[in-house]
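K.L.:
model this:
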Amino acid sequence: MQKVTAILLGAGDRGAQAYAPYALNYPHELQIVAVAEPNEERRAVFASAHGIAPEHAVENWEQLLAQPKLADIAIICTQDQMHYHPTLKALELGYHVLLEKPMSPSPEECVEMELMAKKHNRLLTICHVLRYTAFWTAMKRVITEGKIGQIVNIQLNENVGNMHMAHSFVRGNWNNSDKSSPMILAKSCHDMDILSYIMGEPCERVSSFGSLMHFNEENAPAGAPARCLDGCPAEMSCQYYAPKYYLGAGRRWARKFTTDTSNEGIIEALSTTPYGKCVYRSDNNVVDHQVVNMEFASGATAMFSMCGFTRDNTRILQIMGTKGDLRGNMEENEFTIHDFVTNEKTTVRVHASEEGHNGGDAGIVRSFLSEVRTYNGGESSSSASVSVRSHLMSFAAEESRLNGGKPIAIEEFYKRLVTV
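P.N.:
Reported below is the predicted structural model:
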């Protein structure tokens, strides 16, 4: 098997922990030869783990992409608003690109990246990892085989989980759309994509409602300080009290913002980083709940609900077809099909992978490497061309939400972009 070489731009949680481990687990398939990461300690740890030469472990992507082409592919895992420029430069240099989602918080930039990949005849694959899990792959196969007939309606709930909500979208890197992306894009473009994947046809109209209802200053406990460690009177009753979150059982979450996970190291980080802030006194502005209604080309409809106030972190869905219905829970790795004619109930259980996103992280890397080795100008399952369309569903949903739920026609939205 031909080994593929890669450069990594951004050695944070997704780059270093989700995709790069593939090179360590399957070194005969993938070797990472260079990294760009602004955090010096993180960069050094990554370079050591992957045996990267010092001259190829640099602070920023500009330094790396100023050099002649170093590898076959570029894995780009910078922050949301830093995807556009390195992606264009990498494509121009001749790299095939594996890009973390979302493509960009700008719909115009998403479209331009798609066009640039075609211009340079390179793969641009977006990390919609759910497509590469056993759970969604098995479900797509059942639907394609016609087991429930034609899809009439889908109801999909994304249970973000209150721990994940507070960590990532109140205190964390994706808490403010001015710095990252709106919630419907940053978190739920996965869901817009998987709905497109399951339906297998274009979405034509969307409408949406949602707000930042709870995580704001109005709901702060009386006397709550800016930081939890500054003597909060509500520490015993507040489920978001930072030390309770990140010490003890929550220590695995602390690894996402500090390399020193001793008690002293975590407490120091909670004193200096946003992860120690009161969730009601942060600079967050993304919604904590949102619903999206969709109409597809066949007339089928879908309802998506994202909520940060759930115990579990999973996706639950019901797909209603003309011959049967299907109900599933991603956390349980199983779904049930009920046949209307025979009244038979069939439960499909899939292997629960221990790898990230139920195997989706490793799955997309494995698929991408195969496509790179055999590239002949085709498209990947989650190519930019495919992903732009599901991204547009997110952009249109956010425009609808900000305009009182006004329905948005996707085709008209797209035409506005390409004529700018």
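K.L.:
tell me which strands and helices the helix or strand where residue 194 lies is in contact with?
P.N.:
Secondary structure assignment for residue 194, by DSSP states H and E: helix 189-199. On a contact count with 3 or more CB pairs under 8 Å, 6 or more residues apart in numbering; DSSP states H and E, helix 189-199 meets helix 134-144, strand 151-159, strand 203-211, strand 289-296, strand 301-307, helix 384-402. Glycine gets a C-beta too; all of them are placed from N, C-alpha and C.
K.L.:
now for the residue lying closest to residue 406 once chain neighbours are set aside: which residues touch it?
P.N.:
Of all residues not flanking residue 406 in the chain, residue 400 sits nearest, at 5.5 Å (CB to CB, 6 or more residues apart in numbering). Applying CB atoms under 8 Å, 6 or more residues apart in numbering to residue 400 gives the contacts 206-208, 406-408.
K.L.:
turn those into a markdown table, columns for pLDDT and distance to residue 118.
P.N.:
Formatted as a markdown table, those follow (pLDDT from 0 to 100; distance: CB to CB, whole Å):
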| residue | pLDDT | distance to residue 118 |
| --- | --- | --- |
| 206 | 98 | 26 |
| 207 | 98 | 31 |
| 208 | 98 | 30 |
| 406 | 96 | 32 |
| 407 | 97 | 31 |
| 408 | 97 | 26 |
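K.L.:
those residues, buried ones only, as a ChimeraX selection?
P.N.:
Of the contacts of residue 400, the buried ones can be selected in ChimeraX as follows, counting by 16 or more other CB atoms under 10 Å:
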select :206,207,208,408
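K.L.:
so, low pLDDT: which residues of the protein?
P.N.:
Across the chain, the ranges flagged by pLDDT under 70 are 354, 356, 419-420.
K.L.:
residues contacting residue 234?
P.N.:
221-224, 241.
K.L.:
any idea how far residue 148 is from the nearest residue to residue 143 once chain neighbours are set aside?
P.N.:
In this structure, residue 143 finds its nearest non-sequential neighbour in residue 198, 6.4 Å apart by CB to CB, 6+ apart. In this structure, residue 198 and residue 148 are 11 Å apart, going by CB to CB, to the nearest Å.
K.L.:
so what's in contact with those two at the same time?
P.N.:
Common contact partners of residue 198 and residue 148 (CB under 8 Å, 6+ apart): residue 319.
K.L.:
tell me, how many residues neighbour residue 213?
P.N.:
Number of residues near residue 213 (other CB atoms under 10 Å) recorded here: 13.
K.L.:
give the contact list for it.
P.N.:
288-289.
K.L.:
quick one: which of the contacts of residue 234 has the most company?
P.N.:
Of those, with other CB under 10 Å as the count, residue 224 tops at 22 neighbours.
K.L.:
what's near enough to touch that one?
P.N.:
232-234, 238, 278, 280-281.
K.L.:
highest neighbour count among those?
P.N.:
residue 278 (24 neighbours).
K.L.:
do I have it right that residue 161 meets residue 306?
P.N.:
No. Residue 161 is not in contact with residue 306 according to CB atoms under 8 Å; the separation is 11.3 Å.
K.L.:
more neighbours, those two?
P.N.:
Shown here are residue 161 and residue 306; by other CB under 10 Å, residue 306 has more neighbours (24 against 19).
K.L.:
the more buried one reaches residue 184, doesn't it?
P.N.:
Yes. Residue 306 lies in contact with residue 184 (CB under 8 Å); the separation is 7.3 Å.
K.L.:
who touches both of the two?
P.N.:
Joint contacts of residue 306 and residue 184 (CB under 8 Å, 6+ apart) are 210, 287, 290.
K.L.:
closest one of these to residue 390?
P.N.:
residue 290 (15.9 Å; CB to CB).
K.L.:
isn't residue 70 up against residue 33?
P.N.:
Yes. If you go by CB under 8 Å, residue 70 and residue 33 touch, sitting 5.9 Å apart.
K.L.:
anything in contact with each of these two?
P.N.:
5, 7, 56.
K.L.:
on that earlier part again, and the contacts of the helix holding residue 194?
P.N.:
Here helix 189-199 has contacts from 101-102, 128-131, 136, 139-140, 143, 151, 154, 156, 158, 184, 202-203, 292, 294, 296, 300, 302, 304, 306, 315, 319, 382, 386-387, 389-391, 393-394, 397, using CB under 8 Å, 6+ apart.
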